[in-house]
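Peer 1: whatever this is, show me its structure:
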Amino acid sequence: MARKSQALRTQQTRELHAAYTAAGFGGDTWDVGFLASVLAQMDRGRYPSKRQRDKIDSMIEAGVPTPKGDTELLAKMDAAVAYWAEAGEREWERQVVTDLRRVVFNDWNLSEKQTKLLGDLLQRHDDDVTGANVFTPTPEQRTDLETLVMLYRGYSGQWQGERPAVRKAVEKVTAMLAGEGTIEEYHFDKLNKSMGAKLRRFKTPRFSACDMAKFVESVYIDGTWTKITHVATVMTDTYVDERGRIVNDFLLPTGDVKTLEAERCGKFRKRKND
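Peer 2: Residues are numbered from 1 along each chain as shown. As a prediction, the model looks like this:
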């Protein structure tokens, strides 16, 4: 193989890397990963070793491999990955299709399970393109979604961090409510399943405006913490505050108005002889 200059080899390496990418090879394939690593090394001013140079030159001479498998199927897979990547959606689906691409490219046999999964994912892409996956909530469902998004703020950071799918669904629903996107029925179901208990508690409130309630407060008096029971008037219907809590506003006998979670207050029942 004829000797070539450093500048020429670097240029050809960049062109080959671009050609691999254009042909649909992902960054997780060995060939693309190797070329990317060598280019990064070159950019840092470190020229490849003799062994690396020989490998690069042989790859340049061979060019981008041509597919042995179903080219029509590969085109559908590439279209799905490109569509989802541009939309910034379906990271899991993108990764699965990318992983299966190597199998299809080399004309290796897909298992029955892999074949079904790939077919389902390509159908999902078709439905995304045609809008078949778009879910339009009813007015009542939209109200529930507005409440669920607010309730999400009331969960701890740890709870939220352990449920990335719920966080993603909240982001999608929030954008939809702002008129900046669409959701799928999956997103509606995900929030209902994850926070349904709180939503039901909000929709069957413990108190309504004008109810009476008991509120026990600890007060520091003469160096001692003393529990005082207040009979309070409920000033508002139940609502979700900015911290994601299910609350009411209560008027205390002192004239103070406190915003409290309903669970902190007890029902007030008049005695029969009152």
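Peer 1: neighbours of Pro48, how many?
Peer 2: By other C-beta atoms under 10 Å, 19 other residues sit near Pro48. (Each C-beta comes from the backbone N, C-alpha and C, glycine too.)
Peer 1: swap in Ala178?
Peer 2: Applying other C-beta under 10 Å, we find 8 residues neighbouring Ala178.
Peer 1: kindly report the same for Ile56.
Peer 2: 20.
Peer 1: all helices for the protein, in order.
Peer 2: Using DSSP state H, the helices of the chain run over residues 6-22, 30-43, 50-62, 71-87, 91-105, 112-130, 139-152, 157-161, 164-177, 185-203.
Peer 1: can you give me the buried ones in the second one?
Peer 2: By that I understand helix 30-43. Neighbour-count burial for helix 30-43 flags 32, 35, 38-39, 42 (criterion: 16 or more other C-beta atoms under 10 Å).
Peer 1: which one of those sits closest to Tyr155?
Peer 2: Checking the buried residues of helix 30-43 against Tyr155 by C-beta to C-beta gives Val32 as the nearest, at 40.3 Å.
Peer 1: got a pLDDT number for that closest one?
Peer 2: On the pLDDT scale, Val32 is placed at 87.
Peer 1: quick one on the thing from earlier: the helices of the chain: which one's closest to Lys267?
Peer 2: With C-beta to C-beta as the measure, helix 185-203 is the member of these nearest Lys267 (15.2 Å).
Peer 1: give me the phi and psi for Arg153.
Peer 2: Backbone torsions of Arg153, given as degrees, to the nearest 10, read phi -60, psi -20.
Peer 1: separation between the nearest residue to it once chain neighbours are set aside and Glu140?
Peer 2: Of all residues not flanking Arg153 in the chain, Gly244 sits nearest, at 3.2 Å (C-beta to C-beta, 6 or more residues apart in numbering). According to C-beta to C-beta, to the nearest Å, Gly244 and Glu140 sit 21 Å apart.
Peer 1: the more surrounded of these two?
Peer 2: Counted by other C-beta under 10 Å, Gly244 and Glu140 do not tie: Gly244 has more neighbours, with 16 against 8.
Peer 1: so that one touches Gly157, yeah?
Peer 2: No. Under the criterion of C-beta atoms under 8 Å, Gly244 makes no contact with Gly157, lying 12.0 Å away.
Peer 1: how near is the residue nearest the centre of the chain to Glu217?
Peer 2: The chain has Lys168 as the residue nearest its centroid, 2.3 Å off, counting by C-alpha atoms, centre = their mean. Counting by C-beta to C-beta, the gap from Lys168 to Glu217 is 41 Å.
Peer 1: picking that back up, wait, which of the buried residues of helix 30-43 is closest to Arg201?
Peer 2: Val32 (51.6 Å).
Peer 1: contact partners for the residue nearest to Arg153?
Peer 2: Going by C-beta atoms under 8 Å, 6 or more residues apart in numbering, Gly244 touches 150-155.
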